[in-house]
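Peer 1: take this sequence and fold it.
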Amino acid sequence: MNDIVEAENTLDNKREEKDNSTIENLSLQDQVNFSTITLRLYQNETIRQEVMASEKDSVAYKPNLGIQTIDALKSGWYILESILIFFINIWPIILISIGGFFLYRKYIKK
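Peer 2: Sure thing, here's the model as predicted:
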């Protein structure tokens, strides 16, 4: 009987050791999975500038006539829009001026 009890105790101890090692492995795995790593990389800021002589004349970089025409039309359209928006913004002043003009003609001319 003692041999059987002793064998069972040995088996229980081995199971307990196996369970403890499994728990330690799982705990270590959790620590690895949920760890936070902070990296700080630094380097002095460097700026590199090179000055190169331009061999081409500035005329070489000028856009062709079609692109200049399209740009001029766009610019003209934007100017026209700005003028229209300006007059829309000052509509009360224009309305008061027209009313004042008609009142002036009606009462001052008589």
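Peer 1: right, and the helix or strand after the longest helix anywhere in the chain?
Peer 2: In the chain, assigned by DSSP state H, the helix with the most residues is helix 2-33. Downstream of helix 2-33, the next assigned helix or strand under DSSP states H and E is helix 65-89.
Peer 1: off-centre distance for the next helix or strand after that following helix?
Peer 2: Sequence-wise, the next helix or strand downstream of helix 65-89 (DSSP H and E) is helix 91-107. Remark: helix 91-107 is offset 51 Å from the chain centroid, using CA atoms, centre = their mean, to the nearest Å.
Peer 1: what average pLDDT does helix 91-107 get?
Peer 2: When pLDDT is averaged over helix 91-107, the result is 92.
Peer 1: just stretch 43-59 next, same as before
Peer 2: On average, stretch 43-59 scores 81.
Peer 1: got the contact list for that stretch?
Peer 2: The contact list for stretch 43-59 (CB atoms under 8 Å, 6 or more residues apart in numbering) is empty. Glycine gets a C-beta too; all of them are placed from N, C-alpha and C.
Peer 1: export that stretch as PDB, just CAs?
Peer 2: C-alpha atoms of stretch 43-59 as PDB (Å, rounded to 0.1, in the frame of the first residue of the first chain):
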ATOM      1  CA  GLN A  43      20.200  62.600 -34.700                       C
ATOM      2  CA  ASN A  44      21.400  66.100 -35.100                       C
ATOM      3  CA  GLU A  45      19.400  68.000 -37.800                       C
ATOM      4  CA  THR A  46      21.400  68.400 -40.900                       C
ATOM      5  CA  ILE A  47      20.600  70.600 -43.900                       C
ATOM      6  CA  ARG A  48      22.300  70.200 -47.100                       C
ATOM      7  CA  GLN A  49      22.200  73.000 -49.700                       C
ATOM      8  CA  GLU A  50      23.800  73.100 -53.100                       C
ATOM      9  CA  VAL A  51      24.000  76.100 -55.400                       C
ATOM     10  CA  MET A  52      24.300  75.200 -59.000                       C
ATOM     11  CA  ALA A  53      24.800  77.600 -61.900                       C
ATOM     12  CA  SER A  54      22.000  77.600 -64.300                       C
ATOM     13  CA  GLU A  55      23.200  77.100 -67.800                       C
ATOM     14  CA  LYS A  56      19.700  77.700 -69.400                       C
ATOM     15  CA  ASP A  57      18.200  81.100 -69.900                       C
ATOM     16  CA  SER A  58      15.000  81.900 -68.000                       C
ATOM     17  CA  VAL A  59      13.200  81.800 -71.400                       C
END
